[in-house]
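Colleague: Based on what follows, work out the 3D shape:
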Amino acid sequence: MFASLAVLLVIPVLAPQDPPFDFATAWRDVAAALHTECDQAGVVGGSVMFVKGTEVLGFAAHGFADRDGKRAVDRETNFHWASCTKTFTGIAVMQLRDRGKLRLDQPIVDFVPELRPVHDPFGKIDEITLTHLLTHSAGFRGGTWPWGGSEPWHPHEPTEWSQLVAMMPYTAVEFAPGSKFSYSNPGIVFLGRAIELLSGEDYEVYMEKNVLRPLGMSRTYFDITPYHLQRHRSHSYEVKGKEARDLGADFDTGITVSNGGLNAPLPDFARYLAFLLGAAPKESDAANVLARASLEAMWEPKVQIAPNGSEHMGLTFFVQDRGGSRFASHTGGQKSFVTFFYVHPASGTGACGAFNTSTAGPVMAKLRTLCIEKLSLPMVRL
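Modeller: Numbering: from 1, shown residues only. From the prediction side, this is the model:
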């Protein structure tokens, strides 16, 4: 009896194990949530995609790209990505840095002297650097268009650089540069202007040559849709009360294109995610877009956002720490389009989603969280 008891005492007690990760089941949950959340929020159309490196592991679509035309959202549907554009602009700035055209600690007035009339009660305008603009800590206001925009005949955004220049004497720096985070669209527009002056090319031309084409994003473009892609372009819908008003397909972001003018289908955006994850083949042109060290430097926390330290601003990328690892991300919202993307280097995964209805903000947030918690974080263990 005692011998038997001794044997029992040395048998180790095994800790409960997490169940094996089942991607197919987890993805079904994400896809089901897409339909449920979109239906509840009155979203006309949207889609979400999950990738591991260059491989698309999951895609789901909901509703219509064109409600009246009964054209469903599919893989080819082209959405407006709004402020996700800012990360492309940041990559272009880092390209020019690596090519010796600029330093991140240089004053923005070295490239955009039109900023000198701006009222800066905190010091000299020369103290605002490219890093301040890249991290939304320069002190500039949030919106690019502080006057007008309330009438149907007003442009959606300023259409010419001269219109922004005319605002400079009536613009004030709102806080000491570098002292805090405050999201600023004009700051990114000023970076876009610097790219044009340094490269000698329009922003769109520079980006096509140096970012989009090397990444193989052949169906991605800025502002107005090319004729051959118009059949794939999503309309956008503004919800007021119970009505979802069709705003049409195209609109011009004007001089603010570097801040929010990108349009792309999800498979093209997946190419961008693969590049961010370092999954592009070394022999491809994508490998030459930006040195890996420079890209990863964009994800270093620079300016604190969340009081608990869980979220910071990097260089045009939002940086979050969740589950003991880092995510680099951005969201977008413009003209009733709502978008998101993130990459999670620890698992080699990322996700992107786009929706065409003004009520989709909570849907976007829900889907992003589900992709992180049900897919990316569990895949760290694989």
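Colleague: Kindly state the pLDDT recorded for residue 167?
Modeller: In this model, residue 167 is scored at 88, pLDDT.
Colleague: typo on my end, it should be residue 196
Modeller: In this model, residue 196 is scored at 97, pLDDT.
Colleague: which element is it on?
Modeller: Following DSSP states H and E, one finds residue 196 within helix 185-199.
Colleague: Ok, residue 346 next?
Modeller: In this structure, residue 346 sits in neither a helix nor a strand according to DSSP H and E.
Colleague: Spit out the contact partners of it.
Modeller: When contacts are counted by CB atoms under 8 Å, 6 or more residues apart in numbering, residue 346 is found next to 325, 326, 380. For the C-beta atoms, the positions are set from N, CA and C on the backbone; glycine is no exception.
Colleague: distance of residue 232 from residue 349?
Modeller: The span separating residue 232 from residue 349 equals 26 Å under the rule CB to CB, to the nearest Å.
Colleague: now for the helix or strand following the helix holding residue 196, which elements pack on it?
Modeller: Counting by DSSP H and E, the next helix or strand C-terminal to helix 185-199 is helix 203-207. Using 3 or more CB pairs under 8 Å, 6 or more residues apart in numbering; DSSP states H and E as the contact criterion, the secondary-structure elements in contact with helix 203-207 are helix 85-98, helix 185-199, strand 221-222, helix 257-260.
Colleague: I'd like the average pLDDT over helix 203-207.
Modeller: Here the mean pLDDT over helix 203-207 is 98, rounded to a whole number.
Colleague: could you dump the top helix by length along the chain to PDB, C-alpha only?
Modeller: Residue-count comparison of every helix in the chain, with assignments taken from DSSP state H, identifies helix 23-41 as the longest. Taking Å, rounded to 0.1, in the frame of the first residue of the first chain, the C-alpha atoms of helix 23-41 are listed here in PDB:
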ATOM      1  CA  PHE A  23      -7.000  28.800 -38.100                       C
ATOM      2  CA  ALA A  24     -10.000  27.700 -40.100                       C
ATOM      3  CA  THR A  25     -12.300  28.000 -37.100                       C
ATOM      4  CA  ALA A  26     -10.800  31.300 -36.000                       C
ATOM      5  CA  TRP A  27     -11.200  32.700 -39.500                       C
ATOM      6  CA  ARG A  28     -14.800  31.600 -39.700                       C
ATOM      7  CA  ASP A  29     -15.400  33.600 -36.500                       C
ATOM      8  CA  VAL A  30     -13.800  36.700 -38.000                       C
ATOM      9  CA  ALA A  31     -15.800  36.300 -41.200                       C
ATOM     10  CA  ALA A  32     -19.100  35.800 -39.300                       C
ATOM     11  CA  ALA A  33     -18.300  38.900 -37.300                       C
ATOM     12  CA  LEU A  34     -17.800  40.900 -40.500                       C
ATOM     13  CA  HIS A  35     -21.300  40.100 -41.700                       C
ATOM     14  CA  THR A  36     -23.000  40.500 -38.300                       C
ATOM     15  CA  GLU A  37     -21.300  43.800 -37.400                       C
ATOM     16  CA  CYS A  38     -21.900  45.300 -40.900                       C
ATOM     17  CA  ASP A  39     -25.500  44.400 -40.800                       C
ATOM     18  CA  GLN A  40     -26.000  45.900 -37.400                       C
ATOM     19  CA  ALA A  41     -24.200  49.100 -38.300                       C
END
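Colleague: List the buried residues of it.
Modeller: Buried residues in helix 23-41, counted by 16 or more other CB atoms under 10 Å: 23, 26, 27, 30, 31, 33, 34, 37, 38, 41.
Colleague: Quick check: the first one vs residue 357, distance?
Modeller: Meaning residue 23. Using CB to CB, residue 23 is found at 29 Å from residue 357.
Colleague: more neighbours, residue 232 and residue 349?
Modeller: When residue 232 is set against residue 349 and neighbours are counted by other CB atoms under 10 Å, the residue ahead is residue 349, at 25 against 18.
Colleague: Report the contact partners of the residue positioned nearest the centre of the chain.
Modeller: By CA atoms, centre = their mean, the mean C-alpha position of the chain lies nearest to residue 84, the distance being 2.7 Å. Residues near residue 84 by CB under 8 Å, 6+ apart: 262, 330, 331, 332, 339, 340, 341.
Colleague: Could you give the average pLDDT over whatever helix or strand the second one lives in?
Modeller: Assigning secondary structure by DSSP H and E places residue 330 in strand 325-334. The pLDDT scores in strand 325-334 average 96.
Colleague: Stretch 25-35 now?
Modeller: In this model, stretch 25-35 carries a mean pLDDT of 97.
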